[in-house]
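Asker: Output the structure for:
(one chain, ligands or ions: 1)
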Amino acid sequence: MGKKHKVYFDPVDIEIEVDEEETVLDAAFRQGVILMHGCRQGQCSACKAFLLDGDLEMDPFSTFALNEAEEEEGFVLLCKSYAYSDLEVELIAYHEDMLETGIPIQMIHAEVEEIEELTHDIRKLVLNLVDPPEMNFTPGQYAELYIPGSETHRAYSMANTTTTSQRAEFIIKIYPGGRFSGMLDGELKVGDKMRVKVPFGVFSLREKSDGDIVMVGGGSGMAPIFSILRHMVETGNERKATYYYGARTKKDLFYLDELKEMEEKLPNFKFVPALSEPEDGDEWDGETGMVTDVMQRLEGDLTGTEAYLAGPPPMVDAAVPILEMMGVDKEHVFFDKFTTTGEMEGSEKKEESGPTFPGMPG
Ligand SMILES: Cc1cc2nc3c(=O)[nH]c(=O)nc-3n(C[C@H](O)[C@H](O)[C@H](O)COP(=O)(O)OP(=O)(O)OC[C@H]3O[C@@H](n4cnc5c(N)ncnc54)[C@H](O)[C@@H]3O)c2cc1C
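Answerer: Here you go, the predicted structure:
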């Protein structure tokens, strides 16, 4: 343990204590203060804040998340910041409903219960939680899964809800050579032991609102949206919601029956799958094109609508300006960018926990 300092957050009037050996973000979590965050790897910029007073140092981060000019001005990434004096920090964004949810972050010992092939490159991974035997989270949040036998971890969104809190269900896309996802192609076996740290993330349904909802997902970005939809079914949510899901070809689609069933259970929910590169034999009479274009073509004025986006960073980056142009208030665009862990283009220094690869800007 190192020296302790105080951190005061403006404008929410919250003070926490931080040890010199932990990041400001982790210190806040430890004290039940859930600040805005995304990847926790210095790559997505969700935890960007402004340092009003005090001394801190930052570990390496991607310049896509915080560029040099911003750093000089005084902006910081709280997931990479270590305090060396008392600090005063201005939060740029915060999620009032989650700020003091107080859901403690837990390390759970689990066992692989099931690995199911959903498509040629997407797997459902189910973990049985052993110690403690259940977890608490808000639908849309993610867990950090530790690669067996190492301290390296990767972020994966839960696809289930807390009604099945003794298990954790994930939807994971396999990247050949991917340190963790690659293990789902035969290496990881039922019964293998894994550690899971949970919950993280602020991507969740704004429960107090009754505005219409537009969801946009791609690939394994299905996971947090599926969790939110399951939660909407469980709570009998009647809000109008349309879910646009992008895949390349028909063989990349999955959970079509489950989503159809949700359409039957939720009176105002519609699922719209779109194929960007349908193959000749696909026999597809659904929507075609980039999922963002399909959404733009089928939706009109979106003033008053909330948007929930999850999946690859380029898809999220393409959707945000389109949604804003269509009338969605900037404050009502919520997203979960699946940034990757290895070194990325624009990285200041090499990350220690992941291999080097040319990734996508976060
Ligand atoms: C908040 C958050 C939530 C996430 N939720 C999910 C989820 O629910 N499901 C899910 O599948 N993923 C999710 N991710 C991404 C996940 O954390 C990993 O980054 C991803 O699975 C790759 O990890 P890996 O260990 O397999 O690959 P790494 O070992 O990190 O990368 C090695 C190789 O894999 C390839 N690769 C890895 N990622 C990509 C990519 N995005 N595009 C192209 N090539 C790539 C590259 O060839 C690279 O050289 C999430 C990320 C974040 C930040």
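Asker: Helices along the stretch 51-200 of the chain, start to end?
Answerer: Taking DSSP state H, counting those that start in this stretch to define them, one finds helices in the stretch 51-200 of the chain at 68-73, 96-99.
Asker: Would you reformat those helices as TSV and include mean neighbour count?
Answerer: Every C-beta, even on glycine, is put in place using the N, C-alpha and C of the backbone. Compiled in TSV, those are given as follows (neighbours: other CB atoms under 10 Å):
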stretch	mean neighbour count
helix 68-73	11
helix 96-99	16
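Asker: Nearest approach to Glu261 belongs to which of those helices?
Answerer: With CB to CB as the measure, helix 96-99 is the member of those nearest Glu261 (28.3 Å).
Asker: So what's the model's average confidence on that closest one?
Answerer: Helix 96-99 shows an average pLDDT of 75 in the prediction.
Asker: Not counting it itself, show me its contacts.
Answerer: Here helix 96-99 makes contact (CB atoms under 8 Å, 6 or more residues apart in numbering) with 12, 14, 33-35, 138, 202, 204, 206-208.
Asker: Could you work out the most separated pair of the residues you listed?
Answerer: Ile14 and Glu207 (21.7 Å).
Asker: Comparing the two, which residue is more hemmed in?
Answerer: Neighbours per residue, other CB atoms under 10 Å: of Ile14 and Glu207, the larger number sits with Ile14, 17 against 12.
Asker: any idea how far the nearest residue to the more buried one once chain neighbours are set aside is from Lys208?
Answerer: Nearest residue to Ile14, sequence neighbours excluded (CB to CB, 6 or more residues apart in numbering): Val33, at 5.8 Å. According to CB to CB, to the nearest Å, Val33 and Lys208 sit 20 Å apart.
Asker: quick one, which of these two is more surrounded?
Answerer: Taking neighbours as other CB under 10 Å, Val33 and Lys208 compare with Val33 leading, 21 against 7.
Asker: burial count for Met325?
Answerer: 10.
Asker: What are the phi and psi values at it?
Answerer: Main-chain dihedrals, Met325, degrees, to the nearest 10: phi -60, psi -30.
Asker: does Lys337 really touch His37, like I thought?
Answerer: No. The criterion here is CB atoms under 8 Å, and Lys337 misses it with His37 at 11.6 Å.
Asker: thinking again about what came up before, quick check, nearest of the contacts of helix 96-99 to Pro313?
Answerer: Nearest to Pro313, judged by CB to CB, of the contacts of helix 96-99 is Val202 at 17.0 Å.
Asker: quick one on the thing from earlier: got CSV for the helices of the stretch 51-200 of the chain, with distance to Met290 too?
Answerer: Shown next, in CSV, are the helices of the stretch 51-200 of the chain (distance: least, CB to CB, whole Å):
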stretch, distance to Met290
helix 68-73, 30
helix 96-99, 31
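Asker: got a list of what the closest residue to the ligand within the stretch 1-150 of the chain touches?
Answerer: The ligand sits closest to Cys39 of the stretch 1-150 of the chain, with a gap of 3.6 Å, by CB to the nearest ligand atom. By CB under 8 Å, 6+ apart, the contact list for Cys39 reads 46, 79, 155, 337, 339, 362.
Asker: Give me the subset of these lying in strands.
Answerer: 155, 337 (DSSP state E).
Asker: Quick one, which of the contacts of Cys39 has the minimum pLDDT?
Answerer: Least confident entry in the contacts of Cys39, by pLDDT: Gly362, with 25.
Asker: ok, and the closest non-adjacent residue to Val333?
Answerer: Nearest to Val333 is Ala307, by CB to CB, 6+ apart, at 4.7 Å.
Asker: That neighbour falls within a strand, correct?
Answerer: Yes. If the criterion is DSSP: H, G, I helix; E, B strand; the rest coil, then Ala307 is within a strand.
Asker: any idea how far it is from Gly211?
Answerer: As judged by CB to CB, Ala307 and Gly211 stand 10 Å apart.
Asker: before we move on, the earlier item: tabulate the helices of the stretch 51-200 of the chain (JSON lines), appending distance to the ligand.
Answerer: Output for the helices of the stretch 51-200 of the chain, formatted as JSON lines (distance: least, CB to the nearest ligand atom, whole Å):
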{"stretch": "helix 68-73", "distance to the ligand": "20"}
{"stretch": "helix 96-99", "distance to the ligand": "15"}
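Asker: List the residues that contact the closest residue to the ligand within the stretch 151-300 of the chain.
Answerer: Residue nearest to the ligand within the stretch 151-300 of the chain (CB to the nearest ligand atom): Gly178, separated by 2.3 Å. If you count contacts by CB under 8 Å, 6+ apart, Gly178 has none.
Asker: lowest confidence element among the helices and strands of the protein?
Answerer: Across the helices and strands of the chain, mean pLDDT, DSSP states H and E gives its lowest value to helix 96-99, namely a mean of 75.
Asker: Around the ligand, which positions in the stretch 101-250 of the chain sit nearby?
Answerer: The stretch 101-250 of the chain comes close to the ligand at residues 142, 154-157, 170-173, 175, 177-182, 201, 220, 223, as judged by CB under 6 Å from any ligand atom.
Asker: just to revisit the earlier point, spit out the residues that contact Ala307 and Gly211 alike.
Answerer: His332.
Asker: The two - which one has more neighbours?
Answerer: Set side by side, Ala307 and Gly211 show more neighbours around Ala307, with 24 against 15, by other CB under 10 Å.
Asker: any idea how far that one lies from the ligand?
Answerer: In this structure, Ala307 and the ligand are 17 Å apart, going by CB to the nearest ligand atom, to the nearest Å.
Asker: which ones are touching that residue?
Answerer: With CB under 8 Å, 6+ apart, Ala307 has these contacts: 213-216, 319, 323, 328, 332-335.
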